[in-house]
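# After the sequence you'll find the predicted model.
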Amino acid sequence: MPLWSDILAELSQSAAQGSPPDFDGVRRRYLAGLHRHTDRNVVLYASGWLQRDDAPPTSTSITDEDIQALMEVTSGLRGPNLDLILHSPGGSPEAAAGIVAYLRSRFSRIRVIVPQLAMSAATMISCAADEIMMGKHSFLGPTDPQVLLATPLGTRYIPAQAVLDQFDKAQRECSDPTKLSAWLPMLSQYGPALLVQCETALELSRELVSTWLEAYMFRDRDDRAKFARSVSDWLSDHKRFKSHSRHLSRSDLSEQGLSVLSLEDDEKLQDLGLSVFHATTHAFAATPVVKIVENHTGHAFIKHHIPNPPAQAVQIALGPNPPAC
């Protein structure tokens, strides 16, 4: 299995005199090799949120712009099979729904390969696959939605279920007048629509995941509707996981009945897939790139974030083999 340091050494060797390492060339060589090995279409969707904490969350998370990116890189690809290498912190459930609808209109057999983390809305996308391929080092995350809430400590993402639980607790305790003064500062944060928004956000997350599991991964089960809802409820259970960032391993997911394959079972695929991933993370760490969406032919949609730029903060490179890094 190639290590992060092995790909770093390869990138260092690729640097011509006075030129930076060939991040694009190394990554694209392994993407093409993965396609030759599997004879399947390959699309990389990777975000640099772990390396680029200076970038705004909208540039590294799942947004509706990603549908344009996927249209760009899947143009000309022939179905029915797609391997989607997915590494993302998540983002908009609505954008995830658009991505799933588009990819499923193009490919009838989709396998999601998770090289490290596919969290939140990326977990939701994974649940729309026929199979998920994970290594010992790979994790999905809970799908409980987060709401953006202005607090005295600043604007923060708060689990929707935590807001509902806190309000229920307040209702119980505020029946005691001596406790009312302690709750008033917290209750003042809640606008009139917040509780309804939290409830509908939770139901949307459960509904999307349940619908996709029933339609794709569980479609051959007689009890697919009931089973899909059970798994969807489990994934969205904030009380169970206690953290939206909780890492769910392939054994956790397999125990719930999801179709999870071990990356280690195909050593060649593991080597190629992790080489793609390591080369990608090196590009995030050493260049202004914050998101890469690319296919095995080198056709790419690549997003840059440049802190304090002279002109614009975000640039996009696209097309066949665009110079990205």
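Everything's here; your move.

# tell me the phi and psi of the closest residue to M119 other than its chain neighbours?
Using Cβ to Cβ, 6 or more residues apart in numbering and skipping the chain neighbours, the partner closest in space to M119 is G141 (3.6 Å). Using the backbone N, CA and C atoms, a C-beta is placed for each residue, glycine as well. Geometry field for G141 lists phi and psi as phi -140, psi 170, criterion degrees, to the nearest 10.

# In contact with G141, which residues?
For G141, the set of contacting residues under the criterion of Cβ atoms under 8 Å, 6 or more residues apart in numbering consists of G90, L117, A118, M119, S120, A122, T123, H244, S245, R246, H247, L248.

# And for the second one, the neighbour number?
Neighbour count of L117, defined by other Cβ atoms under 10 Å: 23.

# Check the fourth one too.
Summarising burial for M119: neighbours were counted as other Cβ under 10 Å, giving 26.

# Return the residues in contact with it.
Taking Cβ under 8 Å, 6+ apart as the contact definition, M119 lies against S88, P89, G90, F139, L140, G141, S245.

# Equivalent analysis for the last one, please.
L248 makes contact with T123, F139, L140, G141, P142, F241, according to Cβ under 8 Å, 6+ apart.

# now the second one
Contacts were defined as Cβ under 8 Å, 6+ apart; by that measure L117 touches L50, H87, S88, P89, S138, F139, L140, G141, H247.

# Can you tell me which of these are buried?
A residue is treated as buried here by neighbour count (16 or more other Cβ atoms under 10 Å); on that basis the buried members of the contacts of L117 are H87, S88, P89, S138, F139, L140, G141.

# about what we covered before: now, which of the contacts of L248 lie within helices?
With helices defined by DSSP state H, the entries of the contacts of L248 inside them are T123, F241.

# would you list the contacts of L248 in TSV and tack on pLDDT and distance to A46?
Conversion of the contacts of L248 to TSV gives the following (pLDDT from 0 to 100; distance: Cβ to Cβ, whole Å):
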residue	pLDDT	distance to A46
T123	97	15
F139	98	15
L140	98	16
G141	96	16
P142	95	21
F241	93	24
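
# what's the burial count for A16?
Neighbours of A16 (other Cβ under 10 Å): 8.

# Revised request: answer the last question for Q13.
As a measure of burial, Q13 has 10 neighbours, counting by other Cβ under 10 Å.

# In terms of helices and strands, where is it?
The secondary structure element spanning Q13 is helix 4-14 (assigned by DSSP states H and E).

# buried residues in the helix or strand following that helix?
Beyond helix 4-14 on the C-terminal side, the first helix or strand identified by DSSP H and E is helix 23-38. Residues of helix 23-38 classed as buried under the neighbour-count rule (16+ other Cβ under 10 Å) are 23-24, 26-35, 38.

# quick one on the thing from earlier: go through the contacts of L248 and name the one nearest S175.
Ranked by distance to S175 (Cβ to Cβ), the contacts of L248 are led by F241 at 30.1 Å.

# picking that back up, would you turn the contacts of M119 into a markdown table with distance to Q197?
Conversion of the contacts of M119 to a markdown table gives the following (distance: Cβ to Cβ, whole Å):
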| residue | distance to Q197 |
| --- | --- |
| S88 | 24 |
| P89 | 21 |
| G90 | 18 |
| F139 | 28 |
| L140 | 25 |
| G141 | 21 |
| S245 | 22 |
